[in-house]
Structure formats: C-alpha cells, structure tokens
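Asker: any chance you can model this:
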Amino acid sequence: MGWIMRTWRPRKGVRVTVLGNNFYLFSFDLEEDFLRAWARGTVFMGKQCLVVRRWHPKLEGDDRNMCCAQVWIRLSGLHYQELLSSKIISEIASELGQAIAIDSSDGEVSMCVEVDVNQPLVMEVMVEDGMGGGVWQSLQYEIPMLCFNCGRMDHQKEECVNYDPRGDGDHGYGPHNMAPMKHAREPVFASLRYVSWRRPCSGWVKLNFDGAVKGRSQRGGAGGLLRDAEGEFVIAFATPVATTRSLFAEVYAFREGLELAVECGVEYLWIEGDSRIAIEMLNGWREAEAEEKALMVDSRNLMKRFKGVTARHVFREANQSADHLANLGVEAGVHQEWRSRCSPPPSLLPLLWRDLAGCLVPRLVL
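Answerer: Take a look at the predicted model:
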C-alpha cells in the first residue's frame, strides 16, 4: 500500500485492514487526511481503480456498494465567482451525482463528484443564467478511459457489448469529453446536510412539482403529485413539454399541479419545488420572463382559489418523487395522470415509501 500513501500523502497515521475480496478499511487519524484522500478522486491503475467510500455501519463489502466513483469534472470557460454568486455550482453538481469538493486554483472550476459507473456519464448540463435562460455547458472528465459508444468509464468502445462496428457509432462521446488528470489541487470541501420530504400540516395538501429538459432536442417534461397531511398519495401527473428551457418546464409543472389541486377540491395548498427561480416567481419575488409570463398569469389566478397557499424551495433530494415524474414526462408521448390512491405508477412506489418513512438523504452542499 506504499504507492497509495505516496498518492494521498497523509500528515498523520493511516491504518489499513484487509477485509478480503479486494476490500480494504483505511482508518485515518486526521479527518482532513480522509477528506484529502476522498477529494483526490478515484485512483486509476491501468484498467483497475481504487474507489474510496466513507465507511458507515451498514456498508457491506460487495460490488453493489462500490458502483460510485469519485471523478474530477472540469467546467471549462466558467469562472468560479460567476458560479458562486448565482449559486449554480451546487445545482450542477447535484445533477451529476454527490458533490465532494470544488477547486478553482487554476482559474477554472473543477468539481469532485461521486458518479454511478454503471450509467453513461453526463456530457453536458444546462447552466441557468438567473434570468430564466441558460447555456449548454460541456463537461470534461479526468479519467483514463471512456467508451465512445455508450458513455461509460469502465471500458473502451472496442470492449463495449453494445458496440456495432457496422453502425455509424456517433453518440456524441469523444476525446473532447476527457481531460488530463491534475494532481496538485487546493479543494474547498462541501458541507454535509441531511434532507428529507416532510408531510404538510394538518388540513393541508402538499404539491411537489418538477420540470426536466433532456439534451438539445426540445424534449422536456413536467411532473408533480399531491399528498395529504398523512403523507398519503392523492394524485400524480407526468406530461411532455415542448421546450428547451428548464424554467419553462418547471413553471408548466406547477401550473398543471395547481389545476389538479383545484379540481380535487384542495383548500390549503403547500407547494414545494427544487427550482429556486420558479419558487421566487411564484411568490412574486421575481418578474416572470416573456416565455413564462402567460403560465404565471394562469398560476396566479389559480392560487386565488385556495383559502391558503405557501410555496418554498427545497433541495432536489427532498423532491425526488416529482423529479421522477418529470423524467417520465420527458419519455411520455401524451399527458398521463394517476388518480386512484391505490394505483400510483409502479416505478414511483419506492420513492413514495421512502418519503413516507421520512428517510434522510445526505446532500453535500458546496
């Protein structure tokens, strides 16, 4: 293990326990040594790698627990102060995975994020400009290999089971998505919070909404659901939205949710969404952009039909059920609703149960 200690360079002692099956337990005398090792990212050795996970009592030594790897991702062309002032960097990180640290020591922003190695890497994200618009930002991963066919980081194109050499193979992945590894960093670590979905007060019904835009192909979706003070499912919807503006999809989602709440006879409505801009517009703290203005007029008129309304921003981890429905909307060809308490969409059930149980979800906030 001398090579890994030379890589991590701990200031104090590190004890290593061999657990078997290629698993090792590292016990650091200093928390800052662990943080530096964690933020160092996955250590690659040819086609093998060492993935670091924070230990907890329920962590078991099997491959299912090691599907995530820490990867440094570069946001070329974006300046740290611009991101920090608009609070966008945390939202970008949460779209990619679990944020660990950021680094801007070379003038450009890089983020260390835990990503799922079993899924294709995200190659670009929509960066909001704080005024309802945004630009597509390409991402560069500091990894030694990337499959240009499926977008996964654990093999190359020639080894991909889905690779057809007779096809055109143009999936948008290429060397432009990779960057040389940087070893000297001055990271700023994220702080850990635990968040969960919470039931509304007695007599109130909660609307969680979300919008999603996938790629540049005008494929958007909106979704949302109503739950009562016992946390019981009332109604849900998922619908496609023809837009490339994530904010338009968000506003469309809460307008649809308000209409369903009125139809269900809700008197006191608690609204939650993970778009800070959409919530500020709904509360009248921000002027609506031209594209969303008509939807906002409809929404304000609908809000007058309730005896009580409150709206607040929540982290994405407390809005996972609505996020799932929005993604169903992206893939849906038509508007869908689930009106029976006994028949929400099957893929939503695990998230509903977790919300009802008040499961805490860790979120690292940059």
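
Asker: what about residue 22, how many residues nearby?
Answerer: 11 (other C-beta atoms under 10 Å). In this view, the C-beta of every residue, glycine as well, is placed from N, C-alpha and C.

Asker: who's in contact with the residue lying closest to residue 220 once chain neighbours are set aside?
Answerer: Counting by C-beta to C-beta, 6 or more residues apart in numbering, residue 220 lies nearest to residue 241, which is 3.9 Å off, once chain neighbours are set aside. Listed by C-beta atoms under 8 Å, 6 or more residues apart in numbering, the contact partners of residue 241 are 211, 220-222, 248-249, 252, 329.

Asker: repeat that with 10 Å
Answerer: 211-213, 218-223, 248-253, 256, 326, 329-330 (C-beta atoms under 10 Å, 6 or more residues apart in numbering).

Asker: the residue nearest the centre of the chain in helix, strand or coil?
Answerer: Nearest to the mean C-alpha position of the chain, by C-alpha atoms, centre = their mean, lies residue 95 at 2.9 Å. The three-state label given to residue 95 by DSSP: H, G, I helix; E, B strand; the rest coil is helix.

Asker: just residue 257 next, same as before
Answerer: Once three-state DSSP is applied, residue 257 turns out helix.

Asker: burial of the closest residue to it other than its chain neighbours, as a residue count?
Answerer: Excluding the flanking residues, the one nearest residue 257 by C-beta to C-beta, 6+ apart is residue 224, at 3.9 Å. The local packing of residue 224 (other C-beta under 10 Å) involves 32 other residues.

Asker: next one, pLDDT for the nearest residue to residue 40 once chain neighbours are set aside please.
Answerer: In space, and not counting its chain neighbours, residue 40 is closest to residue 8: 6.3 Å by C-beta to C-beta, 6+ apart. pLDDT recorded at residue 8 is 78.

Asker: one step back: how close does the residue nearest to residue 220 get to residue 38?
Answerer: To residue 38, residue 241 is 38 Å away according to C-beta to C-beta, to the nearest Å.

Asker: just the C-alphas of stretch 143-155, formatted as CSV.
Answerer: Output of stretch 143-155 as CSV, limited to C-alpha atoms (Å, rounded to 0.1, in the frame of the first residue of the first chain):
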residue,chain,number,x,y,z
ILE,A,143,-10.5,9.7,-16.4
PRO,A,144,-8.1,7.4,-18.3
MET,A,145,-10.7,5.8,-20.5
LEU,A,146,-14.2,6.4,-21.8
CYS,A,147,-16.4,4.3,-24.1
PHE,A,148,-17.2,6.5,-27.1
ASN,A,149,-20.1,4.2,-27.8
CYS,A,150,-22.1,4.0,-24.5
GLY,A,151,-20.5,6.8,-22.4
ARG,A,152,-19.4,4.6,-19.5
MET,A,153,-16.0,5.0,-17.9
ASP,A,154,-15.2,1.3,-17.1
HIS,A,155,-14.3,0.1,-20.6
